[in-house]
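J.: okay, sequence plus prediction incoming.
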Amino acid sequence: MKEHDFTAVIRRILADYFSVYSEPILEKSELLQYINIKTVSAGRGSKARGSFGNLYAIYVLVEDYLSRNFHESGDYRHAEGAKFTDLLRRQRELPFGAKLQNHALNHRMNKEFEKYFPTSKHVPILRDTQTGEYWINENLLIVEVYDGSEFNVAQTVIDIIDAYIEAKQGAFNSFIDDCERMQAVSKENPADVAAYLLSLLRPNVDARIFEIVSFAILKTYYGDISVYWGWSLDVIEEDFLVLYKTGRTNANDGGIDFVMRPLGRFFQVTETLDVRKYFLDIDKIQKYPVTFVIKSELSVDEIRAALQSQAEAQFSVQRIVDKYMSSIEEIINIPVLAERLGEIMNQEKLTDVLDEVIAHSKVEFNIQG
């Protein structure tokens, strides 16, 4: 089993419940080992990608199991399953869960578990597609150790995931504190502030933080650019460009991430170079031009060449390839964001970027104050 910082927390919780049996239980329990894999980001701070969807699928089903006292009654085999709508609602009530979709409950969690434990006899989530009922596989909750003793780990599963949530909330609170400290020194040490913001754009950073920081940089950058337009030649107005964020980050909701007024430009944030994802986004808006903000340090030319090559491999008609590629209005990668951040620093507007990062992070991570 792979060890990481949070593994010690898992061991401590198990020891509190099972004393000398805690290590044998961890060694035998595939479910606990899976949770250990999914909690690796707990000790890596706010910039590490969190893992909530699959963990929350386990959490709500085990919570239902405990709430109906099956860990003591032992009659789960004949129980009615939990309703999907109730489970999804409960997932979205949990911290960081507001925008979770149905994928983890329906297939994603089981598929990933199978990847890590290909020889396992059990899948974690059981469901009846006709009735919409779901069960946690009790075979994974009851662990038999070397001397034949059996232990139910349901409550420890809840406690471990709760501890992970607490660790991630603490990390994001620290992230906000760091941003607020940077606000205080932005005038005296702009280079340090710019370096800190650049560290939030690295390829290994949580996708939500990358989206928030890239939005903050682009909104501040475009805010100094104006256009002149009007309904007639006699009435021409000057308007500054304004970038709007259209919803929660990384929501997998099929929406467009940023919209610019008055030009009507669409922006989509992504971390993949899979051309199918780009073309799907373009198809959603009937091949309206889209600017892609890409979490990549490859050059713009390299990215465009990679997409062009994939497109030509996928489509045998050049006209179709050209139509899709012409819908990519602009590519903004990490070096472009860094260049625009440098211009913002020269204009002494780093505080504006930090203001946006803090405001949107508090909404995204449900941080009060």
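T.: Noted; the coordinates are in hand. Numbers count the residues shown, from 1 in each chain.

J.: mind checking the end-to-end distance for stretch 39-58?
T.: 13 Å (Cα to Cα, to the nearest Å).

J.: make residue 1 into 315 and carry on from there
T.: New numbering, starting at 315: the last item is stretch 353-372.

J.: avg pLDDT for that stretch?
T.: Over the span of stretch 353-372, the pLDDT mean works out to 74.

J.: what separates stretch 521-537 from the chain centre, distance-wise?
T.: Relative to the mean C-alpha coordinate of its chain, stretch 521-537 is positioned 16 Å out (Cα atoms, centre = their mean, to the nearest Å).

J.: in the helix ranked longest in the chain, what counts as buried?
T.: Secondary structure of the chain per DSSP state H: the longest helix is helix 468-499. Buried residues in helix 468-499, defined by neighbour count with 16 or more other Cβ atoms under 10 Å: 468, 470-475, 477-479, 481-483, 485-486, 489-490, 493, 496-497. C-beta here means a position set from N, CA and C on the backbone, and glycine is covered the same way.

J.: with stretch 318-333 instead?
T.: 318, 320-321, 323-324, 327-328, 332.

J.: repeat for stretch 634-649
T.: 635, 638-639, 641-642, 645-648.

J.: and that stretch, how far out from the chain's middle?
T.: Relative to the centre of its chain, stretch 634-649 is centred 24 Å away, using Cα atoms, centre = their mean.

J.: who touches it?
T.: 515-517, 528, 532, 579, 581, 592-593, 596, 601-614, 617-618, 621-622, 625-626, 629 (Cβ atoms under 8 Å, 6 or more residues apart in numbering).

J.: so residue 668 sits against residue 493, correct?
T.: Yes: with contacts counted by Cβ atoms under 8 Å, residue 668 reaches residue 493, the gap being 5.5 Å.

J.: sec struct for residue 607, please.
T.: Secondary structure state of residue 607, per DSSP: H, G, I helix; E, B strand; the rest coil, is strand.

J.: check the one 5 residues further on too.
T.: The three-state assignment at residue 612 reads coil, by three-state DSSP.

J.: lowest confidence element among the helices and strands of the chain?
T.: Ranked by mean pLDDT, DSSP states H and E, the weakest helix or strand in the chain is helix 417, scoring a mean of 83.

J.: now the terminal residues of stretch 326-342, how far apart.
T.: This stretch, stretch 326-342, spans 17 Å end to end (Cα to Cα).

J.: which outside residues touch it?
T.: 315, 324-325, 346-347, 350, 457-460, 463, 465, 467, 469-470, 473-474, 477.

J.: show me where the stretch 515-664 of the chain dips below the pLDDT cut-off.
T.: Residues of the stretch 515-664 of the chain meeting the criterion pLDDT under 70: 561-569.

J.: ranges for the strands of it?
T.: For the stretch 515-664 of the chain, applying DSSP state E, counting those that start in this stretch gives strands covering 540-546, 549-554, 556-559, 572-575, 579-584, 604-608, 642-646.

J.: which parts of the stretch 515-664 of the chain are helices?
T.: With DSSP state H, counting those that start in this stretch, the ranges of helices along the stretch 515-664 of the chain come out as 521-536, 589-598, 614-628, 632-640, 648-660, 664-678.

J.: so which elements touch the first one?
T.: Counting by 3 or more Cβ pairs under 8 Å, 6 or more residues apart in numbering; DSSP states H and E, the packing neighbours recorded for helix 521-536 are strand 556-559, strand 572-575, strand 579-584, strand 604-608, helix 648-660, helix 664-678.

J.: among these, which is nearest residue 522?
T.: Residue 522 lies closest to helix 664-678 among these, at 5.8 Å (Cβ to Cβ).

J.: tell me the buried residues in stretch 423-435?
T.: Here stretch 423-435 shows 423-424, 426-427, 431, 434 as buried, counting by 16+ other Cβ under 10 Å.

J.: farthest-apart pair in those residues, please.
T.: Farthest apart among the buried residues of stretch 423-435 by Cβ to Cβ are 423 and 434. That separation is 13.2 Å.

J.: which of the helices of the stretch 515-664 of the chain is buried the deepest?
T.: Ranked by average neighbour count under the criterion mean count of other Cβ atoms under 10 Å, the helices of the stretch 515-664 of the chain are headed by helix 521-536 at a mean of 23.

J.: that one to helix 468-499, inter-axis angle?
T.: 20 degrees (axes from the mean of the first three to the mean of the last three Cα atoms, to 10 degrees).

J.: count of residues packed around the residue lying closest to residue 401 once chain neighbours are set aside?
T.: The shortest distance from residue 401 to any non-neighbouring residue, by Cβ to Cβ, 6 or more residues apart in numbering, is to residue 374 (4.7 Å). As a burial measure, residue 374 scores 25 neighbours (other Cβ atoms under 10 Å).

J.: give me the element residue 374 is part of.
T.: Residue 374 belongs to helix 367-381 when assigned by DSSP states H and E.

J.: equivalent analysis for residue 409, please.
T.: Counting by DSSP H and E, no helix or strand carries residue 409.

J.: dump the residue contacts of it.
T.: 479, 482-483, 679-680.

J.: which of the residues you listed sits closest to residue 536?
T.: Nearest member of the contacts of residue 409 to residue 536, counting by Cβ to Cβ, is residue 679, at 25.1 Å.
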